[in-house]
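Visitor: Below is the structure, and that's it, no one-letter string:
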């Protein structure tokens, strides 16, 4: 298992079982301690739905939280913070319960610094995530999400997430890339 994913899994599962934040493991690569970046952690639950063949588990989103700019001392702290938040603070879902732990999978996204988009033609939803900002709200969408094939779809969904009416509100768009690590 990738070390970013292992750290996210350890942080979330320790918090769910013990209610405590893990200490930084002593054997982390130096990059974890020397690098700062925005990080998103996505947690999905693998479930066999009755309509699906038994050997094809369905992945159901259980939490996704992150930061597009670093707020912690390093990416290790960023991963720990966001993994716990994805597990127990995502307002869309009930907190993850200990009985769910064997069925979870984790994805860690390390984000590049956001760049201002001057023309929608710069966007490619398979390559870039976006951040949409209005005067008082913002929405973010990670890149390469299933079912999102055009920049227009990506902008529309990011605006919906942030409750921004892009036809009536002035928006600014930023793009970013990610390094994606999954179980």
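Guide: Looks like it arrived, so ask away. All of these numbers come straight from a predicted model, not from anything done at the bench.

Visitor: Give me the neighbour count for residue 118.
Guide: As a burial measure, residue 118 scores 8 neighbours (other C-beta atoms under 10 Å). (Each C-beta comes from the backbone N, C-alpha and C, glycine too.)

Visitor: right, I mislabeled it, should have said residue 169
Guide: Here the count is done by other C-beta under 10 Å, and residue 169 has 16 residues near it.

Visitor: Report the contact partners of it.
Guide: With contact set as C-beta atoms under 8 Å, 6 or more residues apart in numbering, residue 169 has these partners: 134, 135.

Visitor: Does it lie in a helix or a strand, and which?
Guide: Using DSSP states H and E, residue 169 is not contained in any helix or strand.

Visitor: I'd like the distance between it and residue 154.
Guide: From residue 169 over to residue 154 the distance is 17 Å, taken as C-beta to C-beta, to the nearest Å.

Visitor: and what of residue 10?
Guide: For residue 10 relative to residue 154 (C-beta to C-beta), the value is 32 Å.

Visitor: neighbour-wise, which of those two wins?
Guide: Under the neighbour definition other C-beta under 10 Å, residue 10 and residue 154 were set side by side, and residue 154 has more, 26 against 16.

Visitor: Using the three-state scheme, assign that one.
Guide: Here residue 154 is recorded as helix under DSSP: H, G, I helix; E, B strand; the rest coil.

Visitor: That one reaches residue 123, doesn't it?
Guide: Yes. Under the criterion of C-beta atoms under 8 Å, residue 154 makes contact with residue 123 at 6.7 Å.

Visitor: Which residue ranges of the chain form helices?
Guide: Here the chain has its helices, by DSSP state H, at 3-18, 30-34, 75-88, 151-162.

Visitor: Could you pull out the strands in this structure for me?
Guide: With strands called from DSSP state E, the chain shows them at 38-47, 58-67, 104-111, 115-116, 129-133, 138-141, 172-176, 178-182.

Visitor: Tell me which of these lies nearest to residue 94.
Guide: Judged by C-beta to C-beta, the one of the strands of the chain that comes nearest to residue 94 is strand 58-67, at 8.9 Å.

Visitor: which residues sit against that closest one?
Guide: For strand 58-67, contacts defined as C-beta under 8 Å, 6+ apart pick out 38-49, 52, 78, 82, 85-90, 92-93, 96, 100, 104-105, 109, 111, 140.

Visitor: which parts of it are buried?
Guide: 62, 63, 64, 65, 66, 67 (16 or more other C-beta atoms under 10 Å).
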